[in-house]
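Asker: here are the coordinates; sequence isn't available:
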């Protein structure tokens, strides 16, 4: 088996055309800029607006990335939906495409479901995909999904599927929870990714494998650098600089703000478009964001070269 | 245009085979029993486990119902998903099939979205479906979707799409909210359905059009009878009897409990199966449910005749 994917991954933002159709060319270009900056591709994550994409749209987009030469070994697509059939379809497709793993939300429509029901959900997907190459990263993001993944559930899944259950993305925003996952399962080869770079250094210091963070879309090189140099003397200073950039984005609606930044530094206004139910960042809000980011020395080097202004 | 659908509708429970595939024959039979008892078909609702069904599964199931001779003019399928593309696909399919209307959840993955974003979501679906026959019933179910539909949003949608926006199902469980919707919009032809028969009498007395209720799957004739006789002297007594039946189901996980009752009174154990993330009602819990229901004189007359025990 190839070694597991580790380090920093971006839930890659998904570009849309004016008619709200996904834009595969801009998508591939952004993916290439991210991998050139050391960052892996958690395409179809929360910050990718993946839950606003149809099943067929996700399949077509993933195929288009692979066809454009983006390496599937650097990809961890999100494949968890509310519906068993759709999750199986997306997961099987990702495995066949050669992706390093999949980031799998629990079914998130019904609330207050039991661990028995969630165990059965993940088990059915793993059994139906039935492929030894499958590596599942559980996606714990209770503020959005409202369906948490408990330590007891992880333990049960690891016991039943020690090969397939590869790790977790913890987007609880609660370091104590991440720490509890590390303490309980890291030693047995369960790879814990922090849900943002805020906890990247702490996670690496306690045996975690990296982070999967929205901001890696816009600040990839610096986040990757901390991941490479976390044992160095300046690690805490690096962490503080990352935190300042993240705080500036996080004051705004995150996805629209990241797209506005990519539009600005890439010189490509088409990037600003988000899909409903989200709304684009207004022009004055974009200008304020850019101003604040410039004030702390932020830039996105090399991005403009990858964009094709005028491409519609 | 044909007149609007009114009265009592059931979010029809979806039968599954042992391998968790939907069972179109049992589904059509249950739909026929419901319409024979005066109840319309809000197929693919929350209590249908529709959010655990894939897009293709929903399309195939709806086609199978129509092919089995179930009247689409009695149907209001749920078509709202997280994803614009999937919602458009399901909605267009329902309209083409001749359904009376569609019950449309807002996109429910992203939380804390704005009314602007939700307006744009519904507007895009209506525009893309682009069919004058489309009748949208907004689905307000904040305890599950976590994405409420505000009065201000309804007002804005009604102004922009007075033909397409036909009404609402209010599953907030808050009569004050239902009353506010009635007061604000009923006079302009906006049809308010209560989210359960608990508020059926109150809703009809204030200008509402009926209810769309889980329990209509198991107690259709009695709920329909209140809807027909709500001006009669015994209406409050009828309402109390309905409430007692509902309370007995509501003490349990509702969907599994209704399926257990259908399995029992239909003499067809296969009905007990739910899809993950839900779990079947245990045998002892089913027996307790049946005992409590029998104690209050509940039965499901005619159901056994429609079932084919031994059908797998």
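Answerer: Perfect, thanks for sending it. On a predicted model such as this, the values are computed, not experimentally measured, just so you know.
Asker: how about the helix or strand harbouring residue A:137 against chain B, any contact?
Answerer: Assigning secondary structure by DSSP states H and E places residue A:137 in strand A:136-140. No. Legend: contact between strand A:136-140 and chain B by Cβ under 8 Å from any Cβ of the partner chain is lacking; minimum distance shown is 12.0 Å. Just so you know, the C-beta spots here come from the backbone N, C-alpha and C atoms, and that holds for glycine as well.
Asker: which helices and strands does that strand pack with?
Answerer: strand A:102-104, helix A:115-129, strand A:165-170 (3 or more Cβ pairs under 8 Å, 6 or more residues apart in numbering or on different chains; DSSP states H and E).
Asker: now do 7 Å
Answerer: Packing partners of strand A:136-140 (3 or more Cβ pairs under 7 Å, 6 or more residues apart in numbering or on different chains; DSSP states H and E): strand A:102-104, strand A:165-170.
Asker: residues contacting the spatially closest residue to residue A:54 that is not a sequence neighbour?
Answerer: Closest residue to residue A:54 apart from its sequence neighbours, by Cβ to Cβ, 6 or more residues apart in numbering or on different chains: residue B:85 at 3.1 Å. By Cβ atoms under 7 Å, 6 or more residues apart in numbering or on different chains, the residues touching residue B:85 are A:53-54, A:57.
Asker: try 8 Å this time
Answerer: Residue B:85 makes contact with A:53-54, A:56-57, according to Cβ atoms under 8 Å, 6 or more residues apart in numbering or on different chains.
Asker: got it, and residue A:60?
Answerer: Applying Cβ under 8 Å, 6+ apart, the residues contacting residue A:60 are A:22, A:24.
Asker: My reading is that it is in a helix; is that accurate?
Answerer: Yes. Assessed with DSSP: H, G, I helix; E, B strand; the rest coil, residue A:60 lies in a helix.
Asker: re earlier: most neighbours of all the contacts of residue B:85, which one?
Answerer: Most neighbours among the contacts of residue B:85, by other Cβ atoms under 10 Å in any protein chain shown: residue A:53, with 24 neighbours.
Asker: and the gap between it and chain B?
Answerer: Using Cβ to the nearest Cβ, to the nearest Å, we find residue A:53 at a distance of 6 Å from chain B.
Asker: cool, and residue A:262?
Answerer: Residue A:262 is 19 Å from chain B, by Cβ to the nearest Cβ.
Asker: Kindly report the same for residue A:255.
Answerer: 9 Å.
Asker: Looks like that residue contacts residue A:279 (just checking).
Answerer: No. Contact status for residue A:255 versus residue A:279: not in contact, 10.1 Å apart, counting by Cβ atoms under 8 Å.
Asker: Quick one: list the elements packing against the helix or strand bottoming out on mean pLDDT in chain A.
Answerer: One helix or strand of chain A scores below all others by mean pLDDT, DSSP states H and E: helix A:303-306, with a mean of 82. In terms of contacts (3+ Cβ pairs under 8 Å, 6+ apart), helix A:303-306 is packed against helix A:24-36, helix A:254-266.
Asker: okay, those in CSV with mean pLDDT next?
Answerer: Below are the helices and strands packed on helix A:303-306 laid out as CSV (pLDDT from 0 to 100):
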stretch, mean pLDDT
helix A:24-36, 98
helix A:254-266, 98
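Asker: among those, which is the most enclosed?
Answerer: For these, the largest average neighbour count (mean count of other Cβ atoms under 10 Å in any protein chain shown) is found in helix A:254-266, namely a mean of 24.
Asker: Give me the distance from stretch A:85-95 to the chain's centre.
Answerer: Offset of stretch A:85-95 from its chain centre (Cα atoms, centre = their mean, to the nearest Å): 17 Å.
Asker: quick one: average pLDDT of that stretch?
Answerer: Confidence for stretch A:85-95, expressed as mean pLDDT, is 98.
Asker: ranges for the helices of the stretch 201-312 of chain A?
Answerer: A:220-228, A:235-250, A:254-266, A:283-295, A:303-306 (DSSP state H, counting those that start in this stretch).
Asker: of these, which approaches residue A:31 most closely?
Answerer: helix A:303-306 (9.9 Å; Cβ to Cβ).
Asker: Residues in contact with the closest one: which ones?
Answerer: A:29-30, A:32-33, A:262, A:265-267.
Asker: And the furthest pair within those?
Answerer: So, those by Cβ to Cβ: farthest apart are A:32 and A:267, at 16.7 Å.
Asker: Format the helices and strands packed on helix A:303-306 as a markdown table; extra columns: distance to residue A:202.
Answerer: Compiled in a markdown table, the helices and strands packed on helix A:303-306 are given as follows (distance: least, Cβ to Cβ, whole Å):
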| stretch | distance to residue A:202 |
| --- | --- |
| helix A:24-36 | 23 |
| helix A:254-266 | 21 |
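Asker: Relative to residue B:17, which of those helices is closest?
Answerer: That would be helix A:24-36 among these, by Cβ to Cβ, at 37.9 Å.
Asker: average pLDDT for whichever helix or strand comes after that closest one?
Answerer: Next along the chain after helix A:24-36, taking DSSP H and E as the criterion, comes strand A:40-41. Averaged across strand A:40-41, the pLDDT comes to 98.
Asker: got a list of contacts for strand A:40-41?
Answerer: By Cβ under 8 Å, 6+ apart, strand A:40-41 touches A:5, A:7-10, A:12, A:31, A:34-35, A:65, A:70, A:74-76, A:100.
Asker: Could you tell me which of those residues belong to helices?
Answerer: With DSSP state H as the criterion, helices contain A:31, A:34-35, A:65 from among the contacts of strand A:40-41.
Asker: that older thread, including mean neighbour count, could the helices and strands packed on strand A:136-140 go into a markdown table?
Answerer: What follows is those, written out as a markdown table (neighbours: other Cβ atoms under 10 Å in any protein chain shown):
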| stretch | mean neighbour count |
| --- | --- |
| strand A:102-104 | 29 |
| strand A:165-170 | 28 |
